[in-house]
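Asker: This is a predicted model, with the sequence first.
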Amino acid sequence: MEILLQILSKFSLLIDAGLVVLIWMVQLIIYPSFLYYKKSNLIKWHQKYTTRIAIIVVPLMSIQLIYGFLVTFNNPILTHFIYLLTVVFLWGFTFLSFAPIHFKISEGIVKKSMLKKLNYRNWIRTFLWTFVLILHLFFC
């Protein structure tokens with residue numbers, strides 16, 4: 001089991017790094033670009049974007065969550081609990097705060113304030129995913 005956890009830890013570190021790169025791209029490029037689309041173009045693009053990004057994000061987040069549970073329950077130290085709690089928070093925050101906004105955009109409800117809210121709130125995820133990577137690099 002110990003060897004499996006070591007292999008999983010290295011693989012999971014790549015997952016964490018991938019999510020950090022992805023979230024910084026979303027924060028600095030993708031979400032800000034939403035403000036430059038005409039409403040009809042944003043709605044068309046957004047439907048493609050959400051489908052495509054989910055293909056990448058959902059498996060990565062799932063592996064991150066599985067790793068968090070495995071490492072925490074195999075070796076229940078404080079840093080592992082913090083890692084797991086942060087990942088669980090990111091799941092909840094993503095699906096409770098971001099998914100509803102994305103659903104509204106997909107339904108054709110687009111307001112500049114919503115688009116700004118996506119970008120503003122995403123700073124929280126950006127910093128937390130960066131924190132998760134740093135935590136994993138140095139303490140997990």
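Answerer: Happy to help now that I have it.

Asker: hmm, who's touching the worst-scoring helix or strand of the chain on mean pLDDT?
Answerer: When each helix and strand of the chain is scored by mean pLDDT, DSSP states H and E, helix 2-25 comes last, with a mean of 90. Taking CB atoms under 8 Å, 6 or more residues apart in numbering as the criterion, the residues outside helix 2-25 that touch it are 56-57, 60-61, 63-64, 67, 70-71, 74-75, 122, 125-126, 129-130, 132-133, 136-137, 140. Yep, even glycine has a C-beta here, placed from its N, CA and C like the rest.

Asker: And the longest helix anywhere in the chain, what does it pack against?
Answerer: Secondary structure assigned by DSSP state H gives helix 39-74 as the longest helix of the chain. Helices and strands touching helix 39-74, by 3 or more CB pairs under 8 Å, 6 or more residues apart in numbering; DSSP states H and E, are helix 2-25, helix 78-93, helix 99-106.

Asker: Please work out the average pLDDT along the helix or strand following the last one.
Answerer: This points to helix 99-106. Remark: after helix 99-106, the chain's next helix or strand is helix 112-139, criterion DSSP states H and E. The pLDDT scores in helix 112-139 average 96.

Asker: In stretch 6-20, which residues are buried?
Answerer: When burial is assessed from 16 or more other CB atoms under 10 Å, stretch 6-20 yields the following buried residues: Leu8, Ser12, Ile15, Asp16, Gly18, Leu19, Val20.

Asker: Thanks a lot, catch you later.
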